[in-house]
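okay, here's the prediction I keep looking at, along with the sequence it came from:
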Amino acid sequence: MNNLINFLTAGVLAAAPLLFGVLGELLTEKSGNLNLGVEGMMFMGGIAGIVGPYYYEKAGGTNPYVALLIALVCALVCAGLGALVFSVLTITLRANQNVTGLALTMFGTGFGNYFGEAIGHADPSGFLSVSTSVKSLFNSPVFPDPLVNLPVVGKLLFSHNFMVYLAVILAVILAYFLGRTRTGLNLRSVGESPATADAAGISVTKYRYLATVIGGAITGLGGLYLVMNAAAGVGGAWVHDCIDGYGWLAVALVIFAVWSPKRALWCSLIFGGLACMRYYYPISFIPASIYDIVPYIVTAVVLVFVSLKRSRSNQPPESLGLSYFREER
């Protein structure tokens, strides 16, 4: 029983960065923009999120809560800037969205790894990291010990760090926003039929810019989580290639979740469990590398089945990946 609880708890922790990536890309795609640069934006959010508090502490800052706030702001702003560049190229200049997204992934990956290695090598310790107090804020449970120590439910529900709950809250907010608000419905109309939305007086450009930039900023939180909580098992320190394909998984899970924030929550939990299964239920004759590729195999299989099931609810926004030319309305 304890092993099962530990496995489920680990699955929740592994699901959080995926959920940030899925929610950010889902919001972007609802506007009709297809941003394949999620991996790159997660790298940008991750490196900015650790460099900010690193230099704050180097400058003599000692308040871990200020360092935490700096990390969040830096991750949001840096990833959002990456999404802004994508928006300018694809919305204003009408560049191909697929090519631009891939370029953003390559840029963001190089950007993160370069500065992570360069700043780390310049540090006397030989690597880029933040203080133990900052690491503790990112990794400690939010709720008090009496709740954490409750039998069964304590560890499952109350033992997680604040970023796990932040991801869940964002999923709930996004579900409400897209389904229950006028602004959310306008955004969905822009993704489905930008010409119709434009004719109704809705600014297609404004909605696409805001959705893409805010969505990109949210994916940056996924990168920050991987750096501060789970990068190769080392929280609070930069590890080369620490994003490790999570961005690509997030892009695929948007389709798996059929563009629904509620389903994104469950899909992320499932794949989070798959990612850490080998540590709790190893099979002696299966190599560890096979466990590593299981989430990707399952992703491919799920995408095939989703594609075959041609119901309207499983289809992407109708204008996804297409630039809008107002002159052709």
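Done, it's in.

what about whichever strand or helix holds residue 179, distance to the chain center?
In this structure, residue 179 sits in helix 162-180 according to DSSP states H and E. Averaging C-alpha positions (CA atoms, centre = their mean, to the nearest Å) puts helix 162-180 13 Å from its chain's average.

next, find the distance separating residue 117 from residue 128.
Residue 117 is 8 Å from residue 128, where distance means CB to CB, to the nearest Å. Bear in mind the C-beta positions are built from the backbone N, C-alpha and C, glycine included.

which neighbours do those two share?
residue 238 (CB atoms under 8 Å, 6 or more residues apart in numbering).

on that earlier part again, counting contacts, what elements does the helix holding residue 179 pack onto?
helix 2-30, helix 132-139, helix 182-192, helix 204-225, helix 261-275 (3 or more CB pairs under 8 Å, 6 or more residues apart in numbering; DSSP states H and E).

that older thread, more neighbours, residue 117 and residue 128?
residue 128 (23 against 14; other CB atoms under 10 Å).

I'd assumed residue 237 was in contact with the more buried one.
Yes: the pair residue 128 / residue 237 is scored as a contact, 6.6 Å apart, by CB atoms under 8 Å.

what is in contact with these two at once?
Counting by CB under 8 Å, 6+ apart, the residues touching both residue 128 and residue 237 are residue 50.

residue ranges with poor pLDDT in the stretch 151-300 of the chain?
Applying pLDDT under 70 to the stretch 151-300 of the chain picks out residues 230-234.

need the winner for burial among the helices and strands packed on helix 162-180.
Most buried of the helices and strands packed on helix 162-180, by mean neighbour count (mean count of other CB atoms under 10 Å): helix 204-225, with a mean of 26.

that one vs helix 132-139, what angle?
Computed by axes from the mean of the first three to the mean of the last three CA atoms, to 10 degrees, the angle separating helix 204-225 from helix 132-139 equals 120 degrees.

now do helix 204-225: distance to the chain's middle.
The answer for helix 204-225 is 10 Å, by CA atoms, centre = their mean.

ok, then the element right after that helix?
helix 246-256.

any idea how far residue 175 is from residue 46?
Using CB to CB, residue 175 is found at 26 Å from residue 46.

and the two? Which one has more around it.
Neighbours were counted for residue 175 and for residue 46 using other CB under 10 Å; residue 46 has more, 31 against 18.

in contact with the more buried one, which residues?
75, 112, 220, 223-224, 226-227, 231, 238, 242-243.

distance to residue 156 for those residues - can I get that in CSV?
Output for these, formatted as CSV (distance: CB to CB, whole Å):
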residue, distance to residue 156
75, 27
112, 33
220, 28
223, 26
224, 24
226, 22
227, 25
231, 24
238, 31
242, 27
243, 27
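
of these, just the buried ones, ChimeraX syntax please.
Of those, the buried ones can be selected in ChimeraX as follows, counting by 16 or more other CB atoms under 10 Å:
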select :75,112,220,223,224,226,227,231,238,242,243
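
closest one of the contacts of residue 46 to residue 322?
Nearest to residue 322 among the contacts of residue 46 is residue 220, at 25.7 Å by CB to CB.

does that closest one touch residue 45 like I think?
Yes: the pair residue 220 / residue 45 is scored as a contact, 2.4 Å apart, by CB under 8 Å.

for residue 324, which non-adjacent residue is closest in space?
residue 194 (4.3 Å; CB to CB, 6 or more residues apart in numbering).

surely that neighbour touches residue 32?
Yes: with contacts counted by CB under 8 Å, residue 194 reaches residue 32, the gap being 6.2 Å.

what touches both of the two?
Common contacts of residue 194 and residue 32 (CB under 8 Å, 6+ apart): 319, 324.

what about residue 269, distance to residue 117?
Applying CB to CB to residue 269 and residue 117 gives a distance of 33 Å.

cool, residue 228 as well?
18 Å.

kindly report the same for residue 53.
Taken as CB to CB, the span from residue 53 to residue 117 is 18 Å.

convert the helix or strand where residue 300 lies to CSV, retaining C-alpha atoms only.
For residue 300, the host element (DSSP H and E) is helix 288-308. Provided in CSV are the C-alpha atoms of helix 288-308 (Å, rounded to 0.1, in the frame of the first residue of the first chain):
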residue,chain,number,x,y,z
ALA,A,288,15.5,0.9,-17.8
SER,A,289,15.7,2.6,-21.2
ILE,A,290,12.5,0.9,-22.3
TYR,A,291,10.7,2.5,-19.3
ASP,A,292,12.0,5.9,-20.5
ILE,A,293,10.3,5.6,-23.9
VAL,A,294,7.0,4.2,-22.6
PRO,A,295,5.4,7.7,-22.3
TYR,A,296,6.4,8.4,-25.9
ILE,A,297,5.1,5.1,-27.2
VAL,A,298,1.8,5.6,-25.4
THR,A,299,1.6,9.1,-26.8
ALA,A,300,2.0,7.8,-30.4
VAL,A,301,-0.6,5.1,-29.9
VAL,A,302,-3.1,7.6,-28.3
LEU,A,303,-2.6,10.1,-31.2
VAL,A,304,-3.4,7.4,-33.7
PHE,A,305,-6.7,6.5,-31.9
VAL,A,306,-7.7,10.1,-31.4
SER,A,307,-7.1,10.7,-35.2
LEU,A,308,-9.2,7.7,-36.1
